[in-house]
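# okay, here's the prediction I keep looking at, along with the sequence it came from:
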Amino acid sequence: NQAKRHMRKFNGIPKAHFELYLKECEWRFNTPSAKQQLTMLKQIVKGKI
């Protein structure tokens, strides 16, 4: 599946960061459009989310 393929590229993730890494993978999978991702990131930076 897509998550496994994506994770193969990052074998050296420290345990302390693994949960955040999984959350990022989940977010990217659930928001497939790069335009949507950029819009959401801009809103987060502005404090609207």
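Great, that's in hand. Residues are numbered from 1 along each chain as shown.
# just after the helix ranked longest in the chain, pick out the following helix or strand.
Longest helix of the chain, by residue count under DSSP state H: helix 15-30. Downstream of helix 15-30, the next assigned helix or strand under DSSP states H and E is helix 34-46.
# now the angle from that following helix to helix 15-30?
130 degrees (axes from the mean of the first three to the mean of the last three Cα atoms, to 10 degrees).
# and the contacts of helix 34-46?
Identification of contacts with helix 34-46 by Cβ atoms under 8 Å, 6 or more residues apart in numbering yields W27, R28, T31, I49. All C-beta spots, glycine's among them, are computed from the backbone N, C-alpha and C.
# where does the chain have its least confident helix or strand?
Every helix and strand of the chain was ranked by mean pLDDT, DSSP states H and E. The lowest is helix 2-8, at a mean of 71.
# mind checking how far the residue positioned nearest the centre of the chain is from V45?
By Cα atoms, centre = their mean, the chain has its centre lying nearest to E24, at 2.2 Å. Separation of E24 from V45 (Cβ to Cβ, to the nearest Å) stands at 16 Å.
# tell me which of the contacts of helix 34-46 is nearest to I13?
Of all those, I13 sits closest to R28, with 15.0 Å by Cβ to Cβ.
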